[in-house]
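Colleague: build me a model:
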Amino acid sequence: MLVAACSSPAHQSGNAAPAGSPESTASAARTGTPTPTPSPSSTQSAPPTPSARPSDGPTRTASLVLGPEGIGALKLGMTRQQATRTGQLRAFTSNGGGCTPARLRAAPSEEGTVLLSPTLGIATIDAYEGIRTPEGARIGMSSADMLRIYPDWTRADGDATNGRGFAKTPGNSKAVYRIASRNGKVTQLTLQYANQDCYE
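Modeller: The predicted structure is shown next:
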């Protein structure tokens, strides 16, 4: 009897399953004992939030500046193929000879004309409302303000209030701004080669 008593395993009260095992969890649910929570160091950290998608290209504000070389990716002197690849133009329209017109894709209907010279490439680029030169000239401003920006403006016909003329283009000695006004307001603004052969 003494030997049998010594060889018997000691009785353990409660559930002897290791903590965290299914049996331990079930027992905790029956008895109301809280289930141990994994420490923060044992949890896997959440993946970092992806960074913002990079810009797909120049901003609209940048593309609304005309000069001294052009507007956005469209530059004076480009060939038809180069100008088309910029994505800034609608289709060129053959006019049977001379310079071939197209329109800026972002321009309102019938505005933003671009002329392709057979000898010079892109020779003229018309602005439309919302486009400014780097110096701040724009369609709709007063003739007086335009003259303050370009005091070298030289008339071709009429005067600064009702007429048209040309101003030097800072940064491009081969180009000029053709600026026309009516009733004291700028109505036309064009970047063009000084020796363009499309009109006038």
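Colleague: ok, now which ones touch residue 165?
Modeller: Contacts of residue 165 were listed using C-beta atoms under 8 Å, 6 or more residues apart in numbering, and they are 153, 154, 155, 156, 157, 178, 179, 180. The C-beta positions use only the backbone N, C-alpha and C, and glycine is treated the same way.
Colleague: surely residue 115 is in a helix?
Modeller: No. Counting by DSSP: H, G, I helix; E, B strand; the rest coil, residue 115 falls outside a helix, being strand.
Colleague: surely it meets residue 101?
Modeller: Yes. Counting by C-beta atoms under 8 Å, residue 101 is a contact partner of residue 115 at 5.7 Å.
Colleague: more crowded one of the two?
Modeller: residue 115 (23 against 18; other C-beta atoms under 10 Å).
Colleague: now do the contacts for the more buried one.
Modeller: So residue 115 contacts 99, 100, 101, 122, 123, 124, 196, 198, 199 (C-beta under 8 Å, 6+ apart).
Colleague: secondary structure class for the fourth one?
Modeller: It refers to residue 122. What three-state DSSP gives for residue 122 is strand.
Colleague: what pLDDT does it get?
Modeller: As predicted, residue 122 sits at a pLDDT of 98.
Colleague: kindly provide the distance from it to residue 70.
Modeller: For residue 122, the distance to residue 70 equals 7 Å [C-beta to C-beta, to the nearest Å].
Colleague: quick one: common contacting residues for the two?
Modeller: Shared contacts of residue 122 and residue 70, defined by C-beta under 8 Å, 6+ apart, comprise 76, 78.
Colleague: can you list the low-confidence ranges for this protein?
Modeller: 1-63 (pLDDT under 70).
Colleague: so residue 142 versus residue 76, what's the distance?
Modeller: The gap separating residue 142 from residue 76 is 28 Å, by C-beta to C-beta.
Colleague: ok, now which ones touch the closest residue to residue 137 other than its chain neighbours?
Modeller: Once flanking residues are discounted, residue 137 sits nearest to residue 149: 5.1 Å by C-beta to C-beta, 6 or more residues apart in numbering. Shown in contact with residue 149 (C-beta under 8 Å, 6+ apart): 133, 135, 136, 137.
Colleague: that's all I had, so thanks and see you.
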